[in-house]
Every structure is written in C-alpha cells, then in structure tokens.
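[1] Can you look at this prediction? I've put the sequence above it.
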Amino acid sequence: MVETFYITTPIYYVNAKPHLGHAYTTIVGDVARRFKEMQGLDSFFLTGTDEHGDKIIRAARKENVSPRVYVDKISDMFRALWPELNIKYDRFIRTTDAEHIAVVEHVLQKIWDSGDIYFSEYEGMYCFGCERFYTERELVDGKCPDHEMAPETIKESNYFFKMSRYQDWLIDHIHKHPDFIRPERYRNEVLAFLREPLEDLCISRPKSRLKWGITLPFDKDYVTYVWFDALLNYVSALNYPDGELYHKYWSSVQHIVAKDILKPHGIYWPIMLKAAGIPLYKHLNVHGYWNVNHQKMSKTLGNVAEPLDLKNIYGLDVFRFFLMREMAFGLDSNFDEETLIQRNNSDLANDLGNLFKRVITMTHKYFKGVIPNLDTETEEELQQFDSGGLKSDAANAISAFESAMENFAFHKAISSIWELVSSMNKYIDLMAPWELAKKKSNRTQLATVIYDLLEGLRVVSGLLYPFMPESSLEMRKQLGMDAKHEFDTIDKLRTWKYMAPGTEIPKAATLFPRCEIKSFSDEADNAEETGETGVVPPLKPQIAIDEFARADLRVATVLTAEPVPRAKKLLKLEVDIGEKRTVVAGIAGSYTPDEIVGKQVIMVVNLKPVKLMGIMSEGMILAAVDDKKVLVSTIDKPIKSGTIVK
Ligand code: MSP
C-alpha cells in the first residue's frame, strides 16, 4: 500500500481578510505536500475557515450584515487566494459545514457519555477578545497579554472538559515522542506549561450570551466553545469516524500552526483526541511570526495587506521562495521589500539564473544545443573524466535536502540546493570547458563535463519544485525535459545520467530577472498623495462564461430611498426591475437618499434574499468599492426597468 501524508493548516478566523501570515502557513502546507509527492506518497492537504464564536459575531455586526453573509464573504476571500498562490489543497473545510457540525456533536456526545465532561458553576475572568477565561497567573499586569485589556469577571454555569485527568499522560507522551511537537523550543514551552497543574477546560457558552455556534447535543441551551469546535475540523474533514478518507489518511496526520496557537494544539487537542479514543497526530510543526518592516503586523499600521501584493510585482515564485528561504522555521522573521529584492538578485538572478544560462549557452556553443552523447564511451573512460565529483555533490545535496524537508527545516533544504549550485559553479571554473573546447582530443571530456552540468541542473530544478513549482517546470522545459510531468520524483533525481543524450534543448532564456528597488511602497505613497486608497487588489482567477451567466443582472430604477435606523452605511431602497423589490445597500457613506432616487443602476436579482438590520434585502446593487467610497454602477441612457445586463 502507498504510504500516505496528511497535512493541515489552521482553519483561519473569518473576522479579517487573509494576510501574509495566513499565506505563509498555507504555502508551507503546499511545499510540504509537494515534497511528499516527490517521495511518492499519497497526500491530502486540508485548509479552511473557522467561522463560529464571538469574534465573528462582532465583526459581522461591524459590517452591518448577518453572520451568515459575513462568513460567506470572508471565507470566499480565503478560498480565492489559495489558487493565486499556486496552492494545491484537497479540501477546504468550513466549521459551518453541516458534516463538520455533525462530527462535533458526535465527539461531544462520546466524551460526555464517557464521563469526561461535567457541569459546574464557575466564576472567572473572561477575555471577550480571546473568548476564554484567564487564570491570575496568565495575566500580565492584570490584563490579557494578547488584547491588553483587563478581563471581565463573569459567573456562569458551564460544561467543563476534564483535561486535568490527562496531564500526566500527556507529559509522558511528549517525553516518549521527542518530535511530537517541533521544533524543540515549542516542545519545551508546552512541557514548561505542563509543569503547573492543568485546569479543566470550559467548553460551553450559554446561548443567552452567544448563539453563533454548535449546540451541545446534551444541552440545547449551550453552544460549544469555538476551539472545541474548530480543532475537530481536522477529523471531520476526513469524514470521521467512518469515512474512507479518515481510514486512509488519519494515521499520517501532521499539523502546521504558528506559535500563537501552540497551547490549543499542543495541549487541548491531544487530550481531546485521547478522550475521544482517536489516535494522536504524528507531529505538530510550529513556526514563528512574520513581522513586517520590523513591526508586528497590525491593521492599524496598515502593513498587513502589502506583502501579499508583492507577489504581483516580483512574481509568485520569487515571493514563495523568499518566504521559505527567509524564515528559519520556528523563529520569527522580518518581511521587507528590500530583502526580498536582495534575495531575488543574489540567490535567484545571480547564482541560479546565471548558472543556468551559462550551462545552456555552452551546450549550444559546443554541442549545437543537443545533450551530448556519451553512448560510445565505456564506463571506465567516462569515470576518468568525471573528476569534479558533481555526481556525489548532487547525491549529498539530495540527502541533505530530504532530511531537512522531513524536519520542516525549509531554509536548510534551500541552502542544500544552493550548495549544489555553488559546487556547479566551482566545477565549471575547475574544468574550464572553454579550454577543453580548444582541442579536438578533449571532446569526450568536454561532453562529460557538459552532460554532468546538465544533470546537475536537472537535480537543482527538481529540488526546487516544492518551493517554486512554475519556475521548476520552466527549468525542465529549458533542459529539454518532458513538460507533461510537473516534477521528478526523488528517486528519479537520484538516478544520475537520467537525461537522454541527443535531446535538443531550447536557447537560454532569462529565468530570474534582476529587480530594482521601487514598486509597492512608492506606489502606496503616490496613492496617498493623489488621495487614492490602497493599490488595486489582485485579479481573481478566470471563470467560464457560463459561471458568470448564472448571475441575473438587470436594470433597476430606484424609486425610493431612506436611511436604515442604527446603520450608518445602509440605505433601504425600493427599486423597479419589472417588479418591485426592496434592497438594503451599503451606500449611505457616498449618497444621500435624494441623490440616489431616480438613478438606473445594475442589480443582481437572483441572489438569495438576506435579512439586514431586520429588513429583507432582495438583491444587490453593483458598485465600485474602495476603503472610502461605494459608487454605484449606472446606465448610460434611460432604458426600461428590468432590462437584462450582460
Ligand atoms: N481559528 C484559529 C485556528 C483554529 S485551528 C483549529 C486561528 N485563526 S487565525 O486566523 O488567527 O490564524 C492563526 C494562524 O495564522 C497562525 O497560527 C498562523 O498560521 C497564521 N498567522 C497569522 N499571523 C501570522 C504572522 N504574523 N506570522 C506567521 N503566521 C501567522 O487562530
């Protein structure tokens, strides 16, 4: 049976748009998965969104929309981003999916039946930001360390999960499996935490306080704590307990998280699994935090979205490479445009790009662009010339790469590729093909040198595949290789003399152009000067015409407009689309009711109606939206209400 690999990212909260931090973790998942495929494993990659809880309710309220509308919108933003980053996931799970909810209920019931959940009154300090109770010793100067606000004392009857029972068992498990949580610093952090008595976990919220959650199967007046719900996504996505996917992949599961959510994953989750009788995960891989321009990422500093835009300026693969090369997995790292450009220019344009060009140019110059033929030579003769040891350098690079990748030490894996690049550059200097080319009698040796260099390039491009899939394919094409296959397996990379002599290769092209420091920060400054807000968001992936045609767009004439009480941004409109419709539109920041009445606008008329501030909205008016303005689309000249727009 083929070995399997199941890799997960955290499921992201939908209270904010995706940013660099989310992108990094998900790219790590993609890199890990592509690497395992190179090893011939059958892999499954899960990501998704975490949609219940207080945080989400508050974010939806802020936008004056129902939680449902809100979570759909933000979840779609995450889903749309991953293909833009060339991330190949197998499942995108949402905690509002019916199948997920059923699994959460099932597990809660199972743990309740086994007696690990009890009901009790509790008075404690509750941080609404974190949605959890805090103990005295967890607070810093009496405040929640994350939200820097004093928690509120609340008294409630709630359900508790007997985590304390499992404390010794968990300590023992971590000792017996030293790489259960890795890198080591995070394992130590969890062990340090477990040195203090572990408190039971409050796993319910009364519906009087929070309704947006999964109802406890054994008490309809409570919903479950968002973490208890969220963590179970890792099994529900595989259709636990009976699903085929679960049986196939669960035993190989590894999680990726950042240090912010170490505790739920390093403590709650293994205990939940144990209590539910589900085998534990193999590894929890924990990475550090990205800072941007040496500052913590923060929405108020406005440094959250920018990094993602850099992929459009410098290219996706350069962006992916930079993230994976720059962050030592486990430690914090800094993101700034200048360092990205330096990495591009030194590692990619200079070291790798030049090597490629040099070797391919020489192949054209000395062998008319054909991979030299070694068939007529005996092994002994060839070995005599194979003096640069490239073959063993490549084998060493592959081994170092593989072991670093196994340990999620991606920056080390990349370094091992660059060691090979540098050996190849040295090999060229040592063998001086231009000297060999001067004498006919050196022809065989010249052929061996060029052939070995081409083989070296094949290995380099193959090892780069998980990080830079598109560039890796481009390199394969430049080496005249079969572009039908996206990648070479590790086994193929280990097979020296894999390339077929006689194959024609295209003329050298520039793989990685050098970049100058310019771009986003300048554009952002200009935008500020001209009063524009932000850059144009990246384009969405292509869709087919019939997907677009599912939206029924019509001319709507605005008949009446009035403000919506308690909602600063909303106007309630009566429109004519051949029939009368009510629409709640978020345009009050840009139009007074008088300004909008009489306009003919474009409306999507077949959206499911939604209730906004108690008013049923029966469509959506198209508008151009930026941070400050919402400007409706109008029709150039008067036309009959209800006319089709296409
Ligand atoms: N919903 C929970 C996770 C539940 S998993 C069962 C959550 N969501 S989150 O949207 O806040 O995402 C946190 C994760 O996003 C981090 O663990 C990390 O993967 C990623 N990052 C968010 N900010 C980050 C940085 N500044 N740097 C690196 N990654 C970060 O927690």
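    Yes, it's here.
[2] Low-confidence stretches in the protein?
    In the predicted model, the chain carries pLDDT under 70 at residues 298-305, 375-388, 517-538, 566, 611.
[3] Kindly list the main-chain dihedrals of the residue in the chain that the ligand sits nearest to?
    Residue nearest to the ligand within the chain (CB to the nearest ligand atom): residue 21, separated by 2.2 Å. Where you see a C-beta, it was placed from the backbone N, CA and C, and this is true even at glycine. Dihedral pair for residue 21: phi -60, psi -50, per degrees, to the nearest 10.
[4] ok, and the closest non-adjacent residue to it?
    Closest residue to residue 21 apart from its sequence neighbours, by CB to CB, 6 or more residues apart in numbering: residue 290 at 5.6 Å.
[5] Now for that neighbour: which residues touch it?
    Counting by CB atoms under 8 Å, 6 or more residues apart in numbering, residue 290 touches 20, 21, 24, 297, 307, 327, 332, 333, 334, 335.
[6] Report the buried members of those residues.
    Buried members of the contacts of residue 290, scored by 16 or more other CB atoms under 10 Å, are 20, 21, 24, 297, 307, 327, 333, 335.
[7] Among these, which are located in strands?
    333, 335 (DSSP state E).
[8] The buried ones among the contacts of residue 290: which two are farthest apart?
    Spatially, the most separated pair among those is 297 and 327, at 13.6 Å (CB to CB).
[9] how close does the residue of the chain closest to the ligand sit to residue 291?
    Taking CB to CB, to the nearest Å as the measure, residue 21 falls 10 Å from residue 291.
[10] shared neighbours, the two?
    residue 297.
[11] Up against the ligand, what does the stretch 201-350 of the chain have?
    Within the stretch 201-350 of the chain, the positions near the ligand by CB under 6 Å from any ligand atom are 230, 231, 233, 257, 258, 260, 261, 289, 290, 297.
[12] so the first one touches residue 55, yeah?
    No. Here residue 230 does not reach residue 55: they are 11.4 Å apart, not a contact under CB atoms under 8 Å.
[13] OK, contacts around the nearest residue to residue 57 once chain neighbours are set aside?
    Spatial nearest neighbour of residue 57, chain neighbours left out: residue 212 (5.0 Å); criterion: CB to CB, 6+ apart. By CB under 8 Å, 6+ apart, the contact set of residue 212 is 52, 53, 54, 56, 57, 67, 223.
[14] repeat that for 7 Å
    52, 53, 56, 57, 67 (CB atoms under 7 Å, 6 or more residues apart in numbering).
[15] do residue 540 as well
    Residue 540 sits next to residue 80 when contact means CB under 7 Å, 6+ apart.
[16] Need the three-state assignment for it.
    Following DSSP: H, G, I helix; E, B strand; the rest coil, residue 540 is assigned to coil.
[17] ok, so what distance separates the residue sitting furthest away from the middle of the chain from residue 430?
    What lies farthest from the middle of the chain is residue 441; by CA atoms, centre = their mean that is 55.2 Å. Per CB to CB, residue 441 is found 19 Å from residue 430.
[18] which parts of the protein sit against the ligand?
    Where the chain comes near the ligand, counting by CB under 6 Å from any ligand atom, the residues are 10-13, 21-22, 24-25, 50, 230-231, 233, 257-258, 260-261, 289-290, 297.
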